[in-house]
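Trainee: need coordinates for the below:
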Amino acid sequence: MKDLNHYVDKYKEQLKNGDIQEAYVGLVKYVTRLGTTLSKNLSEHYSFGSLFQGYMDYTYFYYSNDFLKKRKLKMGLVLNHSKMQFEVWLLGQTIPIQEKFWEYFKSTKWNKDRTTRPQYSILETVLIEKPNFNDLEKLSKQIENKLVSVTDEIIEDIKKSKLT
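Mentor: Numbers count the residues shown, from 1 in each chain. Modelled structure (predicted):
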């Protein structure tokens, strides 16, 4: 295993180049604006939380409604940096809640090909696999439309589960 100094040297090399900082700042600014836009456009359906920048792994914010809150659940809109894709996650307020809903969702289409619960969530699904960051307005509309349809579908599955 390489020591920390090795990784720090590689990190410094990349920082000198400057591209990583530009990309990261641009992505975080975009997701921040996206959260504001969604909060404005979808305020009748969901309440949106603040942005979490993560550790260059995930940038995300939570959103929820009364139905989800009553069940101690929330959704997350996540920019997965390593895969560079937008995802929607269903999350539980506590590990026992996540495990309870995982028992139901592990045999649904949402967790097809998964044998273990995701590390941070009950389910994770791709919203936009290859985002085009050169047309942010179009990307935002795509995300908004898919977010609404996917979230509605997940909520319908929660209703079918009869879990409270």
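Trainee: the protein: helices as residue ranges?
Mentor: Listed in chain order, the helices found in the chain under DSSP state H are 4-17, 19-41, 66-70, 95-105, 136-161.
Trainee: remind me which residues of this structure are low pLDDT?
Mentor: Applying pLDDT under 70 to the chain flags no residue at all.
Trainee: now the helices of the chain as a markdown table including mean neighbour count?
Mentor: All C-beta spots, glycine's among them, are computed from the backbone N, C-alpha and C. Shown next, in a markdown table, are the helices of the chain (neighbours: other C-beta atoms under 10 Å):
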| stretch | mean neighbour count |
| --- | --- |
| helix 4-17 | 10 |
| helix 19-41 | 15 |
| helix 66-70 | 13 |
| helix 95-105 | 17 |
| helix 136-161 | 15 |
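Trainee: dump those helices to JSON lines, plus distance to residue 125.
Mentor: Shown next, in JSON lines, are these (distance: least, C-beta to C-beta, whole Å):
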{"stretch": "helix 4-17", "distance to residue 125": "31"}
{"stretch": "helix 19-41", "distance to residue 125": "17"}
{"stretch": "helix 66-70", "distance to residue 125": "16"}
{"stretch": "helix 95-105", "distance to residue 125": "11"}
{"stretch": "helix 136-161", "distance to residue 125": "6"}
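Trainee: out of those, the one nearest residue 129 is which?
Mentor: Closest to residue 129 of those is helix 136-161 (C-beta to C-beta; 10.7 Å).
Trainee: roughly how far does the nearest residue to residue 60 once chain neighbours are set aside sit from residue 122?
Mentor: The shortest distance from residue 60 to any non-neighbouring residue, by C-beta to C-beta, 6 or more residues apart in numbering, is to residue 78 (4.2 Å). In this view, residue 78 and residue 122 are 13 Å apart by C-beta to C-beta, to the nearest Å.
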